[in-house]
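# need a structure here:
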Amino acid sequence: MEDAMANLRLLDDEEEAIQEDERVVSAAYQFCLVGRCLTDSVVHFPSLRNTMADLWHPIGGICITELGEKGIFFNFLMRWTLTG
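Below you'll find the predicted structure:
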């Protein structure tokens, strides 16, 4: 397994595809991540969601959504406070 992970890399064209101009990215997606489970096994999404939420404990909360087969969307909720 270590040998397979050592050869894991992004292709140059993939890196270019995910780079966005900060002015164009919607504020709704400012604190979001998209992930994928790299396993051949079946992923039990409710267990994964609960485990990730327990591990991260973000201050404002987190919304974790399943994106098709083994895809995951993480939306970190921000809690804003107004001062003086």
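# helix/strand/coil for Val42?
What DSSP: H, G, I helix; E, B strand; the rest coil gives for Val42 is coil.
# do Pro46 as well
At Pro46 the chain is in helix, as set by three-state DSSP.
# What's the local residue count around it?
9 (other Cβ atoms under 10 Å). From N, CA and C alone the C-beta is placed, and that goes for glycine too.
# contact partners of stretch 48-60?
37, 62, 64, 66, 72, 74, 76-79 (Cβ atoms under 8 Å, 6 or more residues apart in numbering).
# what about 10 Å?
31, 35, 37, 44, 61-66, 70, 72, 74, 76-80 (Cβ atoms under 10 Å, 6 or more residues apart in numbering).
# Now tell me which helix or strand of this structure has the poorest mean pLDDT.
helix 12-17 (a mean of 50; mean pLDDT, DSSP states H and E).
# follow-up on the earlier one: of the contacts of stretch 48-60, just the buried ones, PyMOL syntax please.
Filtering those down to the buried ones (16 or more other Cβ atoms under 10 Å) takes a single PyMOL command:
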select buried, resi 62+64+70+72+74+76
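# Fine by me, thanks again.
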